[in-house]
Structure formats: structure tokens, C-alpha cells
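# Sequence isn't available, so here's the structure alone:
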């Protein structure tokens, strides 16, 4: 499995910003109340980030050779998949939070401090989820053996 590059998360961040902005714009144009991200969203995102790190820690210990027991390779693959999903979800939700907050900040009417704090907390928790995903993905990477280096031939077996 290849590591997650920068293009997909940045693309999802841009899509999230545009979607958040346009959703707020459409709601305001129709006379509906704009979306205020709940604090429970920020708490849930931070909790998910902690769970991702907790699942990745045994894999890190096994890769470093300090684990008390062996790790199932299927478990490691699931953890890597969870880390990748966390990266992408953190980018998309963080982008949507930025879009929602940008809409509220650029209006001539001043928003309440609760709205701004809640938006900033969602953005911070999304960033934490993204960073934890990258961290755990790095932990699950097995260092190459000497014989696994590309471009190196094993001539001793011939």
C-alpha cells in the first residue's frame, strides 16, 4: 500500500471549503439559519484521533521490535486503512469547517463568539485527526531490509 500523498488531502480540503461556503450561502440566501458546528463534533473528532493513535501504538511497537507480542498483519492493514481514512476525513471536515467559518467572518453582521469558537474547535480537531492519521500511517511502515532496496541485486545466490 502506498503512503497517502499531499494531493488528495489538499484536494478534499479545497472541496470542503467550497462546499461549506456554498452551503452557508445557499441557506442564507433562502432565509434559513446558517450552520453552526456543534461542540460535540469537535469532541468526536478529537476522540477519533485519540483512537487512531491508540490503535497505531501496538503496530509502532512491533515495527520497532519492542512489542511484547506479535501483531497480526491483518490488524496492521486495518490500522493503516483507518489512518488513511482519518487523513481524508480530517481534510474534508476541516475544509468544510473553514468554509463555514469564512462565510460567517466575511458577513457584515458580527457572529456570536460561540459560533466562532465552535468553528475554530472543529477546524482544530479536524487538523488533529489529519495529523494523527499521517503519524499512524508512518508508524505502520516497515523499514526495508538490505535485500529489499530497489536497484540492488543479490549476486550471492548465483
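Arrived safely, thanks for sending. Remember, it's a predicted structure, so these values are computed and weren't measured experimentally.
# what sits against residue 141?
With contact taken as C-beta atoms under 8 Å, 6 or more residues apart in numbering, residue 141 is in contact with 3, 63. Just so you know, the C-beta spots here come from the backbone N, C-alpha and C atoms, and that holds for glycine as well.
# check which helix or strand covers residue 80.
Following DSSP states H and E, one finds residue 80 within helix 73-105.
# Could you check the angle whichever helix or strand comes after that helix makes with helix 73-105?
Going down the chain from helix 73-105, the next helix or strand is helix 113-139, by DSSP H and E. Interaxial angle, helix 113-139 versus helix 73-105 (axes from the mean of the first three to the mean of the last three C-alpha atoms, to 10 degrees): 150 degrees.
# Mind checking the pLDDT average for helix 113-139?
Averaging pLDDT along helix 113-139 yields 94.
# Tell me which residues touch residue 84, please.
Counting by C-beta under 8 Å, 6+ apart, residue 84 touches 4, 133, 137.
# residues of the helix holding residue 80 that come out buried?
Residues of helix 73-105 classed as buried by neighbour count (16 or more other C-beta atoms under 10 Å): 76, 79-80, 82-84, 86-101, 103-104.
# Any idea how far it is from the middle of the chain?
From the chain centre to the centre of helix 73-105 is a distance of 3 Å (C-alpha atoms, centre = their mean, to the nearest Å).
# for stretch 13-20, same thing?
Distance, centroid of stretch 13-20 to centroid of chain: 15 Å (C-alpha atoms, centre = their mean).
# can you list the residues that contact that stretch?
By C-beta under 8 Å, 6+ apart, stretch 13-20 touches 91-100, 102-103.
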